[in-house]
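Trainee: Pasting the sequence and the predicted model now:
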Amino acid sequence: MDITEALVRNLLRDQYPDLADLELREVIGGWGNQMWRLGDELAVRMPRQAGAPQQLELEYRWLPAMADRLPLPVPTPVRRGAPSERFPYPWLITQWVHGEPADREFVTADESGTTLGEFLRALHVPAPADVPPTPRTGMLQLGHIDHFFDNVEPGDVVREIWADAVAAPAWDGAPLLVHTDLHPANLVVADGRLAGVIDFGDLGSGDPAIDISAAWTLLPDGAAKRFFESYPVDDATFRRARGHAVQKALFVLAMANNGDKGLPGGKPTWRAAGELALERGVGRSTR
């Protein structure tokens, strides 16, 4: 389905006429959902891939309950659109998180390490029983990295980091609430400082190492040091997190390559973020 401005405007007129006259601007990016900024403080998220409606339902169920205890802005849902003849899936109106994605404006402020550590400590609480386990934290148990990428060569050092992560003791604590998808495009930056976290569609329960990987994929050296001061981890968790970090860096580079080739879903603007994330993952072996 072609999700046009006219479609979104008509859906608003049908279901939320009090918002229908606000300015509407398409936001470029994303896979599962197409987003439109609505006025200055809201956004409309429209599912456009299989599985995306279920992800929006997950956000609608959990983000309002979590937002008050999280120390950074998140796109809290404020209204839910119902399926209709115009559009067959549910859709959301959320709060807008101000700033730029971290693949476009990099984190440069060291204090962002403390900010991210405090955010993840607030997020990583024991998961309620009805939060689904995330399959992403089980990627390390697959034991190899090659099949994730068909157009990026991991290299020997990355393979060693991955093998070390696979060999590390598994998480043996209670399953925690985890974001699971903290690649640079899902973190928001303003004036070099971490300013928000977006896209909780893959929220789940499991090993916190998958989120701790953001210390490599997002933070410069000084900020990473502050992160681990704010969020101390044991050696096994550090090793698993570093493995997830190089996997995420390769994923970002794979999407950049796809973008250069003009393939659907490719992100040509992600190359610099992916190269920097991979450099940090390879070079940063200690806290």
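Mentor: Cool, got the structure.

Trainee: In three-state terms, how would Glu275 be classified?
Mentor: Secondary structure, DSSP: H, G, I helix; E, B strand; the rest coil: Glu275 is helix.

Trainee: Let's see the pLDDT reported for it.
Mentor: Glu275 carries a pLDDT value of 91.

Trainee: Go ahead and report the secondary structure state at the residue nearest to it when sequence neighbours are not counted.
Mentor: Nearest residue to Glu275, sequence neighbours excluded (CB to CB, 6 or more residues apart in numbering): Leu253, at 6.9 Å. Just so you know, the C-beta spots here come from the backbone N, C-alpha and C atoms, and that holds for glycine as well. Under three-state DSSP, the three-state class of Leu253 is helix.

Trainee: residue contacts, Leu253?
Mentor: Val152, Trp270, Arg271, Gly274, Glu275, Leu278 (CB atoms under 8 Å, 6 or more residues apart in numbering).

Trainee: cool, and Leu177?
Mentor: Met66, Leu123, His124, Val125, Pro126, Ala127, Val131, Leu203, Gly204, Ser205.

Trainee: From Asp21, how far off is it?
Mentor: Plainly put, Leu177 is 37 Å away from Asp21 if you go by CB to CB, to the nearest Å.

Trainee: Likewise for Glu59?
Mentor: In terms of CB to CB, Glu59 sits 26 Å off from Asp21.

Trainee: Looking at the two, which is more packed in?
Mentor: Glu59 (24 against 11; other CB atoms under 10 Å).

Trainee: Help me confirm that the more buried one is found in a strand?
Mentor: No. According to three-state DSSP, Glu59 belongs to no strand; its state is helix.

Trainee: Enumerate every residue touching it.
Mentor: Applying CB under 8 Å, 6+ apart, the residues contacting Glu59 are Pro75, Pro77, Leu92, Thr94, Phe200, Gly201, Leu203.

Trainee: Now flag whichever of those residues is closest to Gly262.
Mentor: Looking at these and their distance to Gly262, the nearest is Gly201, at 25.7 Å (CB to CB).

Trainee: Quick one: neighbours of the closest one, just the number.
Mentor: 23.

Trainee: can you pull the pLDDT of it?
Mentor: 90.

Trainee: Distance check, Leu250 against Leu276.
Mentor: 13 Å.

Trainee: Compare the two (neighbour count), which wins?
Mentor: Set side by side, Leu250 and Leu276 show more neighbours around Leu250, with 23 against 19, by other CB under 10 Å.

Trainee: secondary structure element for that one?
Mentor: helix 235-260 (DSSP states H and E).

Trainee: In that helix, which residues are buried?
Mentor: Residues 236-259 are the ones in helix 235-260 that count as buried (16 or more other CB atoms under 10 Å).

Trainee: now stretch 35-46
Mentor: Met35, Trp36, Arg37, Leu38, Leu42, Ala43, Val44, Arg45, Met46.

Trainee: can you check stretch 164-175 too?
Mentor: Buried, per 16+ other CB under 10 Å, within stretch 164-175: Ala165, Val166, Ala168, Trp171, Pro175.
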